[in-house]
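Engineer: Have a look at this prediction, sequence included:
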Amino acid sequence: MIMVFPQGLTPQLFLAFNARYQYSGQVTAGVLRGERSRFQLFGDTMNTAARMESTSARSRIQVSQATADLLFASGLSDWIAPRKNKILVKGKGEMQTYWLKTKAAKGIKQSKSKGDVTQSKSKGDMPILDETAELSDSSDLPSVMHAGDNFDMDNVEAMTKTERLVEWNVEVLSPLLQQIVASRGGEVVPIDRSLSEKEAIIGTDKTVLEEFVPIIPLKRFNAAELSKRQKTSSIDIGDEAKSQLRNYLFNVASMYRDNPFHNFEHASHVTASVKKLLTRIVKVDDENGLRTPTDDIDLVDMAGHSYGITSDPLTQFSVVFSAIIHDMDHPGVPNAQLVKENTRSAQIFKKSVAEQNSVELAWGMLMGNEYEALRACIYHTEDDLRRFRQLVVNTVMATDIVDKELQALRKARWETAFAETPIQDTSFSSEDRKATIVIEHLIQASDVSHTMQHWQIYKSWNEKFFMECYAAYKSGRADSDPSKNWYKGEIGFFDFYVIPLAKKLDNCDVFGVSSHEYLNYAQSNRDEWAREGEGIVKEYLVKYEDLTTQQ
């Protein structure tokens with residue numbers, strides 16, 4: 001069940017409904033028979049929501065992490081503020097929850113389209129917190145928080161948009177680091193001299209593209225190993241590693257350019273989709289008899305899903321990490337333009353320039369001495385180091401959807417792995433081939449996930465991409481005016497890339513209802529664009545002229 005905020009619905013109206021808590025997830029619905037027949041909802045989602053009620057506060061609305069993720073993906077991060085302390089929920093353990101702000105953010109405006117809310121273009125507008133919001137006990141906190149500070153998450157009035165995004169990404173990556181540590185016995189082993197020497201040379205003898213492999217060999221875990229894993233809630237990666245993770249993400253954010261589209265917010269939006277798809281994996285091997293996953297089951301408990309992906313937390317971490325760093329230093333123009341301009345990066349990489357550059361920058365920074373404790377959580381053997389590197393290389397390179405050689409390779413590999421007449425091959429190489437394809441399609445769908453979400457989300461991100469492309473044209477970094485073919489180009493993009501990609505998500509047979517959801521939104525947005533797109537492009541041009549006049 002996905003919550004949609006209808007037209008005119010604001011945080012204040014939720015209070016009028018006397019709501020005290022919100023949780024999102026799948027439910028079962030039905031009518032109970034008897035003298036008092038009534039419609040009722042059942043399932044873990046309802047149980048969790050009911051348990052959250054006891055930890056809420058009067059005149060406040062408590063929001064779960066699942067609902068917060070949906071709001072974030074919808075561009076409504078200003079609507080919520082994290083609670084200072086985690087809450088204890090029966091049967092769940094500790095949960096990070098959020099308060100819904102009861103004074104609308106200045107940057108939010110209601111859309112004319114039914115069922116959606118959009119965020120205005122204004123930059124720097126910070127939300128006004130409700131007078132009853134939890135405030136810091138300390139009166140001498142800095143007005144602006146920087147990397148390395150002790151964060152009081154309730155002091156969000158002083159946080160910039162980037163700082164909020166960094167904190168959200170910290171919350172996404174931290175549990176995955178806990179799962180990695182849990183998978184190797186719960187102990188963080190410092191990086192020794194031998195491993196440090198391997199770190200110094202990995203990736204130095206080839207370009208990133210030359211490191212790309214058609215099939216990624218995944219690590220296998222047997223049932224005994226999985227049963228001995230500690231619960232992630234008992235794992236502490238340590239304050240030093242947590243601080244280094246936050247510092248690293250701040251530095252990643254700083255290396256994203258101020259492009260309208262290819263920026264740190266886009267990277268975080270892609271990460272939200274990757275996280276969603278990873279947690280929606282539903283394929284279970286028949287022989288292991290594991291449960292169908294729900295939001296409350298750790299991914300490490302789900303051995304056998306998606307051809308081995310979910311039994312290996314390092315794979316999951318690598319894909320999410322790749323989503324965060326995949327457009328670092330993106331110049332706001334396509335690879336073909338970089339090659340034409342003969343930029344320094346184009347001279348080094350020749351093709352897939354932006355993608356290779358992002359990997360090099362992110363990896364080089366991660367290998368710094370200041371992130372040694374963080375790296376010790378990610379890997380502790382040479383095999384894990386090399387697997388992490390390979391996963392990052394392949395995942396980021398999958399976001400280059402223009403290179404013809406990579407396209408041909410992916411097509412041939414898909415036809416082998418998911419042929420209409422299945423090939424009876426139960427070997428690890430066959431499973432690894434399918435896992436590699438699933439990872440690539442997961443990141444590719446997430447990279448354009450705005451096309452497979454609510455209309456207003458699609459329209460908002462499409463406008464940002466148009467502004468970026470049109471600005472490149474006006475500055476002489478594009479040969480043709482994108483506005484001339486933007487309307488037809490988007491229809492072609494839906495017909496020949498987005499919708500076929502959404503169908504392949506479905507054919508992978510691992511994402512459950514999410515694949516149907518992505519496909520339905522893609523088809524709906526395509527039809528809406530066909531009806532409204534020509535007029536919208538004209539609106540984009542007017543907005544661009546207004547923005548340039550104001551500057």
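Structural biologist: Thanks, I have the structure now. From a predicted model like this one, the values you see are computed outputs, not experimental measurements. Numbers count the residues shown, from 1 in each chain.

Engineer: quick one: Q456 and G75, what's the gap?
Structural biologist: Distance of Q456 to G75, computed by C-beta to C-beta, to the nearest Å: 8 Å. The way it works is simple: take the backbone N, C-alpha and C, and place the C-beta from them, glycine included.

Engineer: quick one: which of those two has more around it?
Structural biologist: A count of neighbours by other C-beta atoms under 10 Å puts G75 above the other of Q456 and G75, at 23 against 19.

Engineer: Provide the backbone phi and psi angles at the residue most central in space within the chain.
Structural biologist: Most central in the chain under C-alpha atoms, centre = their mean is T271, positioned 1.5 Å from the mean C-alpha point. Main-chain torsions, T271, degrees, to the nearest 10: phi -60, psi -40.

Engineer: does Y256 really touch I325, like I thought?
Structural biologist: No - using C-beta atoms under 8 Å as the test, Y256 is too far from I325 to be in contact (9.4 Å).

Engineer: list residues touching both of these two?
Structural biologist: Contact criterion C-beta atoms under 8 Å, 6 or more residues apart in numbering; residues shared by Y256 and I325: A267.

Engineer: Among the two, which residue is more densely surrounded?
Structural biologist: Remark: of Y256 and I325, I325 carries more neighbours, 25 against 22, as counted by other C-beta under 10 Å.

Engineer: ok, now how distant is the nearest residue to that one once chain neighbours are set aside from V537?
Structural biologist: Nearest residue to I325, sequence neighbours excluded (C-beta to C-beta, 6 or more residues apart in numbering): A362, at 3.8 Å. Note on A362: its distance to V537, by C-beta to C-beta, is 35 Å.

Engineer: These two: which is more packed in?
Structural biologist: Ranked by neighbour count (other C-beta under 10 Å), A362 and V537 place A362 first, with 23 against 20.

Engineer: What residues of the host helix or strand of the more buried one count as buried?
Structural biologist: For A362, the enclosing helix or strand under DSSP states H and E is helix 353-366. Neighbour counts over helix 353-366 (16 or more other C-beta atoms under 10 Å) mark 353-363, 365-366 as buried.

Engineer: Specify which member of those residues is nearest to C469.
Structural biologist: Of all the buried residues of helix 353-366, A354 has the smallest distance to C469: 14.4 Å, by C-beta to C-beta.

Engineer: Show the backbone phi and psi for R184.
Structural biologist: Note on R184: backbone dihedrals following degrees, to the nearest 10 are phi -120, psi 30.

Engineer: give the contact list for it.
Structural biologist: H380.

Engineer: Look up how far E545 lies from Q453.
Structural biologist: Distance of Q453 to E545, given as C-beta to C-beta: 28 Å.

Engineer: quick one: which of these two has more around it?
Structural biologist: It is Q453, of Q453 and E545, that has more neighbours when counted by other C-beta under 10 Å, with 23 against 10.

Engineer: Point me to the helix or strand that includes the closest residue in space to the more buried one that isn't next to it in sequence.
Structural biologist: Leaving aside its sequence neighbours, Q453 sits nearest to Y521 (C-beta to C-beta, 6+ apart; 5.6 Å). Element membership for Y521, per DSSP H and E: helix 513-550.

Engineer: try G492
Structural biologist: For G492, the enclosing helix or strand under DSSP H and E is helix 486-493.

Engineer: Next: A29.
Structural biologist: For A29, the host element (DSSP H and E) is strand 28-32.

Engineer: Hmm, H330 is touching L361, no?
Structural biologist: No - counting by C-beta under 8 Å, L361 is not a contact partner of H330; they are 10.7 Å apart.

Engineer: Need the mean per-residue confidence for stretch 76-90.
Structural biologist: Averaged over stretch 76-90, pLDDT sits at 78.

Engineer: buried sites along it?
Structural biologist: For stretch 76-90, burial by neighbour count (16+ other C-beta under 10 Å) applies to 76-83, 87, 89.

Engineer: and which of the residues you listed is nearest L314?
Structural biologist: Using C-beta to C-beta, the buried residues of stretch 76-90 come closest to L314 at P82, 27.1 Å.

Engineer: Run through the bridge partners of that closest one.
Structural biologist: Assessed by DSSP bridges, P82 has beta-bridge partners Y98.

Engineer: if I read this right, it contacts K101, doesn't it?
Structural biologist: No - contact criterion C-beta under 8 Å: P82 and K101 do not qualify, at 11.4 Å.

Engineer: thought R220 was touching G308?
Structural biologist: Yes - counting by C-beta under 8 Å, R220 touches G308, with 6.5 Å between them.

Engineer: Same drill for those two, tell me which one is more crowded.
Structural biologist: More crowded of R220 and G308, by other C-beta under 10 Å: G308, with 21 against 13.

Engineer: Leaving out chain neighbours, which residue sits closest to that one?
Structural biologist: With C-beta to C-beta, 6+ apart as the criterion, G308 has its nearest non-adjacent residue at 4.7 Å, and that residue is L218.

Engineer: isn't the one you found right up against A435?
Structural biologist: Yes - assessed by C-beta under 8 Å, L218 is found in contact with A435 at 5.5 Å.

Engineer: Mind listing the shared neighbours of those two?
Structural biologist: Jointly contacting L218 and A435 under the rule C-beta under 8 Å, 6+ apart are 307-309, 315.

Engineer: what's the distance between the residue nearest to W99 when sequence neighbours are not counted and R60?
Structural biologist: Excluding its sequence neighbours, the residue lying closest to W99 (C-beta to C-beta, 6+ apart) is A81, at 5.1 Å. Computed as C-beta to C-beta, the A81 to R60 distance reads 11 Å.

Engineer: Let me see the contact set for the nearest residue to K350 once chain neighbours are set aside.
Structural biologist: Distances taken as C-beta to C-beta, 6+ apart put V339 closest to K350, at 7.5 Å, once the chain neighbours are dropped. Going by C-beta under 8 Å, 6+ apart, V339 touches 346, 350-351, 353.

Engineer: V339 belongs to a strand?
Structural biologist: No - the assignment for V339 (DSSP: H, G, I helix; E, B strand; the rest coil) gives helix, which keeps it out of a strand.

Engineer: any idea of the pLDDT on it?
Structural biologist: We note a pLDDT of 95 for V339 in this prediction.

Engineer: And the helix holding Y521, what does it pack against?
Structural biologist: For helix 513-550, the packing partners by 3 or more C-beta pairs under 8 Å, 6 or more residues apart in numbering; DSSP states H and E come out as helix 455-474, helix 486-493, helix 499-507.

Engineer: now it against helix 499-507, angle please.
Structural biologist: Helix 513-550 and helix 499-507 are oriented at 150 degrees to each other (axes from the mean of the first three to the mean of the last three C-alpha atoms, to 10 degrees).

Engineer: buried stuff in helix 513-550?
Structural biologist: Neighbour counts over helix 513-550 (16+ other C-beta under 10 Å) mark 514-515, 517-519, 521-522, 525-526, 529, 533, 536-537, 540, 544 as buried.

Engineer: Between helix 455-474 and it, find me the angle.
Structural biologist: Angle, helix 513-550 to helix 455-474, by the same axes, to 10 degrees: 50 degrees.

Engineer: quick check: mean pLDDT across helix 513-550?
Structural biologist: On average, the pLDDT along helix 513-550 is 92.

Engineer: Centre of the chain to the helix or strand containing L277, how far?
Structural biologist: Element membership for L277 (DSSP H and E) is helix 264-279. For helix 264-279, the separation from the chain centroid amounts to 1 Å (computed by C-alpha atoms, centre = their mean, to the nearest Å).

Engineer: Please name the nearest non-neighbouring residue to R526.
Structural biologist: Nearest non-adjacent residue to R526, counting by C-beta to C-beta, 6+ apart: F494, 3.9 Å away.

Engineer: Could I get the contacting residues of the one you found?
Structural biologist: F494 makes contact with 451, 522, 525-526, 529 under the criterion C-beta under 8 Å, 6+ apart.

Engineer: try 10 Å this time
Structural biologist: F494 is in contact with 448, 451-452, 500, 502, 522-523, 525-527, 529-530, counting by C-beta atoms under 10 Å, 6 or more residues apart in numbering.
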